[in-house]
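*Asks:* my questions are about this predicted structure, shown below with the sequence.
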Amino acid sequence: MSRETAYARMLDASAKLQQNVAMILEAKATEAEKVRNWLCNHVTPDAYQEQQAHLKDTLGVHEQLIEVIDGLAKLNQGMANVLKAVLRHDQEDSSSGFGNMDFGEPTQ
């Protein structure tokens with residue numbers, strides 16, 4: 001398999017991955033909206049006997065959100081690395097061949 005074919009396959013896989021991530025994020029947004037509504041209606045100070053229990057539950061929710069954001073950041077970094085590899089390859093190709101010839105002013 002040639003390098004160009006490998007890079008094309010990498011880009012295709014990256015595009016499919018981004019499409020799947022978009023679908024996952026759409027489902028997560030819907031789920032997050034439902035959770036937000038439930039939390040706003042049910043996680044109130046009146047629902048807990050102690051302040052510590054209320055704090056513990058809300059911190060648990062925030063930890064889950066941080067894990068989701070961290071996972072998305074890592075996924076984004078991986079996709080960026082794929083694009084950097086392909087762009088580096090494109091820059092190497094453009095510097096070879098006619099890319100390094102001098103097309104300055106003609107001499108007379």
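*Replies:* Perfect, thanks for sending it.

*Asks:* check what pLDDT Val21 gets.
*Replies:* Note for Val21: predicted pLDDT of 86.

*Asks:* correct me, but it touches Gly78?
*Replies:* No. With contact defined as Cβ atoms under 8 Å, Val21 does not count as touching Gly78 (10.6 Å). C-beta: built from backbone N, CA, C; applies to glycine.

*Asks:* neighbour-wise, which of these two wins?
*Replies:* Val21 (15 against 11; other Cβ atoms under 10 Å).

*Asks:* and the more buried one, helix, strand or coil?
*Replies:* What DSSP: H, G, I helix; E, B strand; the rest coil gives for Val21 is helix.

*Asks:* quick check: the gap between it and Met1.
*Replies:* Here the criterion is Cβ to Cβ, to the nearest Å. By it, Val21 lies 26 Å from Met1.

*Asks:* what kind of secondary structure is Ala32 in?
*Replies:* Following three-state DSSP, the label given to Ala32 is helix.

*Asks:* so which helix or strand takes in the residue nearest to the spatial centre of the chain?
*Replies:* For the chain, the residue sitting closest to the mean C-alpha position, by Cα atoms, centre = their mean, is Asn76 at 2.6 Å. Per DSSP states H and E: Asn76 is located in helix 51-95.

*Asks:* for this protein, which spans come out with low pLDDT?
*Replies:* Applying pLDDT under 70 to the chain flags the ranges 90, 93-108.

*Asks:* from the chain's centre, how far out does stretch 83-90 sit?
*Replies:* Relative to its chain's centre, stretch 83-90 lies at 18 Å (Cα atoms, centre = their mean, to the nearest Å).

*Asks:* wait, isn't Ser14 in contact with Asn81?
*Replies:* No. With contact defined as Cβ under 8 Å, Ser14 does not reach Asn81; the gap is 9.8 Å.

*Asks:* of those two, who's got more company?
*Replies:* Counted by other Cβ under 10 Å, Ser14 and Asn81 do not tie: Ser14 has more neighbours, with 17 against 11.
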